[in-house]
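1. Please work out how this folds:
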Amino acid sequence: MLIKLPYCHLIKRAFATKVVTPRIAPRYRPKMLGSVESLTENLNTLSLKLPEVSIQGSFPESNPVDLLRNYITQELSKISGVDKDLIFPALEWGTTLEKGDLLIPVPRLRIKGANPKDLAEKWAAAFPKGGYLKDVIAQGPFLQFFFNTSVLYKLVISDALERGDDFGALPLGKGQKVIVEFSSPNIAKPFHAGHLRSTIIGGFISNLYEKLGHEVIRMNYLGDWGKQFGVLAVGFERYGDEAKLKTDPINHLFEVYVKINQDIKAQSESTEEIAEGQSLDDQARAFFKKMENGDESALSLWKRFRELSIEKYIDTYARLNIKYDLYSGESQVPQEIMDEATKIFEEKGLVTEDQGAKLIDLTKFNKKLGKAIVQKKDGTSLYLTRDVGAAIDRYRKYKFDKMIYVIASQQDLHTAQFFEILKRMDFEWAKNLTHINFGMVLGMSSRRGTVVFLDNILEETKEKMHDVMRKNDSKYQQIANPEEVADLVGISAVMIQDMQSKRINNYEFKWERMTSFEGDTGPYLQYAHSRLASITRNADIDLAELPGADFGLLVEPQAEYLIRLLAQYPDVLRTSLKNHEPSTLVTYLFKLTHQVSSCYDVLWVAGQEKPLATARLALYASARQILYNGMLLLGLTPVERM
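-> A predicted model of the protein is given here:
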C-alpha cells in the first residue's frame, strides 16, 4: 500500500493559476492571419492569379513561400505526370540561396526507367515561370527554383508590415491542445544551470507552439515534496530568519538547507551518543512524516515555504518573459490516482517484488530500459510513480493532444521508463508524450567563481552591460531607462549563448564571449534591432506609406538577397516546430542581421529621393519586424535604443 497523503485534500493548490505578462508588450497590435481575399488582392496588383492547387498542410494566405510551393507543384505535376501529393513534400530549401529558393531532388519522385539528370534538364526547359519564378535550373539530378523577387517584395513586405508581430504565424495546430512542462526547480535548492536551460528552451517551445496555432498550457512542476522539507523545517527552527524569509526566501531557505545538512553530516560523523529518534536526521524524518499525516502546523510551514518561493520565482520568470498558466508540483498529484496507478500495475501483471520493494521489469519491452522501482519497501512512492500519476491526472483534466517534457538529457532513462510504463498501462494517449532533452552547462558560476542562483547571474550580466553602455556617453544620454535596457541586453546575452547551439550539446558558460557585442551574441542581436529601429525613427516618411511603396526600385543584389531571406521566416518557424531546436531560429536571425548589415553601405535611406527612400525603408522596416518577431519568440525583449 502507498502511504496516504492527506495534504492533497487539505491544500488548495497554492498558486495553481498564476499568469505573468511579458515585461514589454509587443509594439504592434497582432492582426488576424492573412486571408485568401487579401492574398488575391496583392496578386492582382502583380497581374497574377492564385494557383489552382492548394495542398493540404500549406497556408498560402499566411506563408508567401507556400503560395510559390503550390504554383511549382501545380506546374511540375502537369509537366511530369507525378501526383502533386508526392511533389509538394519533396520540395526542399537549398542549403544556400545560390542553389535556389526551393529545389527538388528528382529521384524522390520515384520515376522508374528514367535518368533523373535528363528529367531535370527536360523539365527545366519546359517549366513555365508564370510571373512567380525568375528562373528554373537543372543541376545534376536536382531542379532548382528561383523566386521572382517582385512577387516577394509585394507579398512579404506587405504581409510583414500589415500583420506586425503576427507575421510568421500559421494555423498548423488549430484545435490542438499542448501542455509544456518546463523549468521545474526544487524549492529551497539552487535554481541551477539545468533549470535555466529548461526554462529558456521551454519558454521558446511554448511560444512557438502558440504562434503556430496550438492552445498551449505552460506548466511548472515544482519539486515541492519529500524528506528535504523535513530537513528544511528542522534547519529553519535552528537558523531561520523571518525577515530574510520574506525579502529573499529562495536564497535564505537555501542557506538554511546548506547549514542544517552540514550539521547532519557532522552529527553522523561524530562519536557522541545520541538518543534514538533525537538525531537531526531523525527529526527531519519525523517532521516529514507529520506532513504526510496531514499535521496542520507542519503543513502550514511547508505551505509558507512553497508560496513565498513561487512568488519569488514569478519575479525571476518575468525578467525572462516567461509566464505560466499553472504552478503544479509533486505535492499536487492526487493520492487516489496514485492508488489507481498501483492497482493498474498489478492488474496488468507489470509488478514484481524484490526484497519488499515493487518494481517493473521493462527489459522485456526494451532491454535498455532496465528495471524501474515504483514503490519502496516501506510502502512509499517514488518520483517515477508520481510522474505516472501526474500524467494520468493531467490527461483527465485537460484532454491534451500532446504533452511535452523539457527535461535534461541526464533524465533520458527516467523519462523513457515512465513513458513506457504508461504505454504498458494501455493509455492510448501515452503515444502523445514527448521528451525534449538538452545537454549540460559547464562552468556556470559567478565571475567570482562561486555557484549562484539565476538572479545573481542576471544581475552580474546587467552590471557588465551597463558598464559597456556607459563607455559611449553621447548614446548613453539618449537612453531614457539605461538600467532596464542593460538588464534586457544582459538577459539576451545569457539566453542566446544557451540557444545558439543544438540543445543536446553541452556548452561552456563564458562571461567574456557571452557579453560581447561582436560576433553572434545576444547583445549583437539587440544592437542590430536598435539600429533598424533607428533607421525607421529617423526617416521623415509616414509609415502608412510603406506597404504601397514602389518595390520595382529595389534592384540591388543586396536587397534581393535580403527579401529572399525574409520570405523564409514562416518556414523557419515550421522547421523549428519539427526539430524543437531554438538554434534553428537563432541561426536564421544571425543570418538575417548579417545580410541587413551588408545592405547599409548600399541601400541608403537618408538623402535619397522619396520614392526610393520609401521602398528601402519598407524593406528595412519589414526586416526589423521579422527580427523583432523572432526575438520575441525566443523570449527576448527587443530594445529600441542602446
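
2. Now do residue 247, the pLDDT please.
-> Looking at residue 247, its pLDDT reads 88.

3. If you could redo that for residue 316, that was the one I meant.
-> 85.

4. Surely it and residue 456 touch.
-> No - judged on CB atoms under 8 Å, residue 316 makes no contact with residue 456 at a distance of 10.7 Å. Placement of C-beta: from N, CA and C, glycine included.

5. And the strands in the stretch 151-300 of the chain?
-> 177-181, 215-222 (DSSP state E, counting those that start in this stretch).

6. what does the first one rub up against?
-> Spelled out, that is strand 177-181. 202, 205-206, 209, 214-221, 394, 398-406 (CB atoms under 8 Å, 6 or more residues apart in numbering).

7. Go again with 7 Å.
-> Applying CB atoms under 7 Å, 6 or more residues apart in numbering, the contact partners of strand 177-181 are 202, 205-206, 209, 214-219, 221, 394, 398-406.

8. now do stretch 615-629
-> 156-157, 160-161, 164-165, 167-168, 528-529, 532-533, 535-536, 539, 541, 546, 549-551, 553-554, 559, 562-563, 566, 569, 589, 592-593, 596, 603, 605, 638.

9. buried subset of those residues?
-> For the contacts of stretch 615-629, a burial check counting by 16 or more other CB atoms under 10 Å picks out 156-157, 160-161, 164-165, 167-168, 528-529, 532-533, 535-536, 539, 541, 546, 549, 551, 553-554, 559, 562-563, 566, 569, 589, 592-593, 596, 603, 605, 638.

10. Which ones among those residues lie within helices?
-> 160-161, 528-529, 532-533, 535-536, 559, 562-563, 566, 569, 589, 592-593, 596 (DSSP state H).

11. Contacts only, for the residue nearest to residue 197 when sequence neighbours are not counted.
-> Nearest non-adjacent residue to residue 197, counting by CB to CB, 6 or more residues apart in numbering: residue 438, 5.1 Å away. Applying CB under 7 Å, 6+ apart to residue 438 gives the contacts 197, 201, 408-409, 503-504.

12. pLDDT for the residues you listed - can I get that in CSV?
-> As requested, these are exported to CSV (pLDDT from 0 to 100):
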residue, pLDDT
197, 90
201, 96
408, 93
409, 95
503, 94
504, 94
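
13. give me the element the residue nearest to residue 505 when sequence neighbours are not counted is part of.
-> Distance criterion CB to CB, 6+ apart; nearest residue to residue 505, sequence neighbours excluded, is residue 439 at 5.0 Å. Here residue 439 sits in a region with no helix or strand, counting by DSSP states H and E.

14. Now, of the contacts of strand 177-181, which are buried?
-> 202, 205-206, 209, 214-219, 221, 394, 398, 400, 402-406.

15. What mean pLDDT does stretch 511-523 get?
-> 80.

16. picking up where we left off before, if I follow the layout properly, the residue nearest to residue 505 ends up in contact with residue 506?
-> Yes - using CB atoms under 7 Å, residue 439 makes contact with residue 506 at a distance of 4.0 Å.

17. These two: who's more crowded?
-> residue 439 (17 against 11; other CB atoms under 10 Å).

18. Would you enumerate the residues in contact with the more buried one?
-> Residue 439 touches 409, 503-506, counting by CB under 7 Å, 6+ apart.
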